[in-house]
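Student: This is the structure alone, sequence omitted:
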Ligand code: NDP
């Protein structure tokens, strides 16, 4: 036994992660259900480092130093359970099983419980950055026991992305915490992408700019506060021309967005926890709307616009308004996502450090961005910050763009350009800062039809009004 770490599941992600370990000097045991993938890894990349290939799971496990560290990188769901079942009889006390696939966090909680009962460590870890990240340095979000992180952490930190010399990997929290945080990362990614798409639409349908011109605008935005991987690739995509037709590439892509489910999980969890993650929800629903072919067909035929085309006197000023609206909406989406992390952390006793999460998302992952530094700083100023938006940096940043944000949402509505994430983010902003909300009326209605009771602004207690009687008030 001489391998320091093993990877089973050698499709694009596992193969690249194994190469990443090897390139960092680790001896890596490699295994895949069907041997072909193991062979092709050895043929194509075997000279990149020290690999120990095995055809059987038993040989694979036997090739690992104790305590064994086995990274599972297979299709999330039943495949992960199948691999764990195969591994279990081969492992011994203190061995560490790492699930680096995109598991849903309740599955991770279940698996961790089962494996810890067998004396094993189970580390559900989020890995973001796609194929390229896995090879060159992803953002890694490991959960599990602190004890497991002592031996596993240094290896994961070594292969993770680095920003200013700091690894984009840190211990997240017990059992499902790592996969939970990865899920919210993906939810935020949905929101970020939708906001960018809305900004593009306003410039395209509103301003009438060409895809290539908007590509230049995004490239310029990438020099400022908005600097991020997603803005950068958007500029690239918009400047790309389809070789076959000579048209802008974005124009020949079918406008029906697909999804694999992490956005949906994030929204479902937001509903369970009662945390308004409206940016992520709008983004997820916008994808669903785009894919609703019969509904769109019927809508296109039946629904009039009654809209006024945008009259833009000063193009540069409008572009700047859209930039500010995008930044402000983005801050709202992140603020909501971090609220969700705080709520889940409290619910499950995970004790997640939100500033550290923003730090490990600065590199490697899809939402890597300059402004994540600002989020880390905000949580360093106040680790218990109840609302990221209320941190002084963000109140200023959003406050400066507030008029622009309102103008953009109003003009989108007048022009009939859908901007669900822009407008719901602004509504959230106005809701969360309101002195008084019409929730008072909701409570009164609930008491009227269902005797659900209400509390008063002027004294303690719970009350019910006899709506169908003499309308006197009773203390409930
Ligand atoms: P896939 O999700 O396409 O999974 C293919 C791998 O799973 C193959 O190695 C396959 O083995 C194995 N597998 C499937 N069913 C079983 C089973 N019943 N028993 C044993 N092995 C099985 O691979 P990816 O590399 O794309 O992704 C791996 C994991 O990483 C997934 O959980 C994914 O969600 C996650 N992930 C993916 C990212 C990406 O960008 N692709 C980014 C971040 C995370 P065989 O070759 O024998 O069929």
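Tutor: Structure received. What you are looking at is a predicted structure, and each value in this text was computed from that prediction instead of being measured. Numbers count the residues shown, from 1 in each chain.
Student: From here on, just use CA atoms for contacts and neighbour counts.
Tutor: Fine.
Student: Next, the closest residue to the ligand within the stretch 201-350 of the chain: secondary structure please.
Tutor: For the stretch 201-350 of the chain, the residue closest to the ligand is residue 260, as judged by Cα to the nearest ligand atom, at 8.7 Å. Following DSSP: H, G, I helix; E, B strand; the rest coil, residue 260 is assigned to coil.
Student: and if you look at residue 255?
Tutor: coil.
Student: number of nearby residues for the spatially closest residue to residue 451 that is not a sequence neighbour?
Tutor: Closest residue to residue 451 apart from its sequence neighbours, by Cα to Cα, 6 or more residues apart in numbering: residue 464 at 6.4 Å. Neighbour count of residue 464, defined by other Cα atoms under 10 Å: 19.
Student: Packing partners of the helix or strand where residue 464 lies?
Tutor: According to DSSP states H and E, residue 464 maps onto strand 463-465. Where contact means 3 or more Cα pairs under 8 Å, 6 or more residues apart in numbering; DSSP states H and E, strand 463-465 is packed against helix 439-450, strand 473-475.
Student: ok, now which ones touch the residue of the stretch 201-350 of the chain closest to the ligand?
Tutor: Applying Cα atoms under 8 Å, 6 or more residues apart in numbering to residue 260 gives no contacts.
Student: Relative to residue 132, how far out is it?
Tutor: Distance, residue 260 to residue 132, using Cα to Cα, to the nearest Å: 19 Å.
Student: Please apply the same query to residue 239.
Tutor: 22 Å.
Student: Looking at those two, which one has more neighbours?
Tutor: Legend: neighbour count by other Cα under 10 Å for residue 239 and residue 132, higher for residue 239 (20 against 15).
Student: so the more buried one makes contact with residue 215?
Tutor: Yes: using Cα atoms under 8 Å, residue 239 makes contact with residue 215 at a distance of 5.3 Å.
Student: I would like the residues contacting the helix or strand harbouring residue 298, please.
Tutor: Assigned by DSSP H and E, residue 298 belongs to helix 293-302. Contacting residues not belonging to helix 293-302 are listed as 289-290 [Cα under 8 Å, 6+ apart].
Student: Could you do stretch 23-43 as well?
Tutor: Against stretch 23-43 from outside (Cα under 8 Å, 6+ apart): 2-11, 15, 18, 21-22, 48-57, 60, 63-64, 158-159.
Student: and with 7 Å instead?
Tutor: For stretch 23-43, the external contacting residues (Cα atoms under 7 Å, 6 or more residues apart in numbering) are 3-10, 15, 18, 21-22, 48-55, 60, 63-64, 159.
Student: same check, this time on stretch 86-97
Tutor: 58, 61, 66-71, 119-123, 148.
Student: wait, doesn't residue 182 sit right on residue 124?
Tutor: No: Residue 182 is beyond contact range of residue 124, at 10.1 Å (criterion: Cα atoms under 7 Å).
Student: Tell me how many other residues crowd residue 182.
Tutor: 27.
Student: Could I get the pLDDT score of the closest residue in space to it that isn't next to it in sequence?
Tutor: Nearest residue to residue 182, sequence neighbours excluded (Cα to Cα, 6+ apart): residue 126, at 4.9 Å. Looking at residue 126, its pLDDT is 98.
Student: With the one 3 residues further on instead?
Tutor: As summarised for this prediction, residue 129 has a pLDDT of 95.
Student: Can you tell me how far the residue lying closest to it once chain neighbours are set aside is from the ligand?
Tutor: Among residues not flanking residue 129 along the chain, residue 365 sits closest, at 4.2 Å (Cα to Cα, 6+ apart). Distance from residue 365 to the ligand, counting by Cα to the nearest ligand atom, to the nearest Å: 9 Å.
Student: ok now do residue 365, which residues does it touch?
Tutor: Contact analysis of residue 365 by Cα under 7 Å, 6+ apart lists 128-129, 138-139.
Student: Could you give the backbone dihedrals for it?
Tutor: Residue 365 adopts backbone torsions of phi -100, psi 180, taken as degrees, to the nearest 10.
Student: Residue 105 touches residue 176, doesn't it?
Tutor: Yes: using Cα under 7 Å, residue 105 is in contact with residue 176, at 4.9 Å.
Student: out of these two, which sits in the more crowded spot?
Tutor: Each of residue 105 and residue 176 has its neighbours counted (other Cα under 10 Å); residue 176 has more, 29 against 22.
Student: For the ligand, see how far away that one is.
Tutor: Taken as Cα to the nearest ligand atom, the span from residue 176 to the ligand is 15 Å.
Student: Going forward, count from 32.
Tutor: Let's use 32 as the start, then, which means that last one is residue 207.
Student: Verify the stated contact: that residue with residue 133.
Tutor: No: contact criterion Cα under 7 Å: residue 207 and residue 133 do not qualify, at 11.7 Å.
Student: Get me the contact residues on this protein for the ligand.
Tutor: 40-45, 63-65, 104-107, 110, 113-114, 132-133, 158-159, 161-162 (Cα under 6 Å from any ligand atom).
Student: Mind checking which of these land in strands?
Tutor: 158-159 (DSSP state E).
Student: Which among the residues of the chain next to the ligand count as buried?
Tutor: Buried members of the residues of the chain next to the ligand, scored by 16 or more other Cα atoms under 10 Å, are 40-45, 63, 104-105, 107, 114, 132-133, 158-159, 161-162.
Student: list the contacts for residue 87?
Tutor: Applying Cα under 7 Å, 6+ apart, no residues contact residue 87.
Student: Roughly how far does it sit from residue 126?
Tutor: 19 Å.
Student: Low-confidence ranges, the stretch 282-431 of the chain, go.
Tutor: Along the stretch 282-431 of the chain, the model assigns pLDDT under 70 to no residue.
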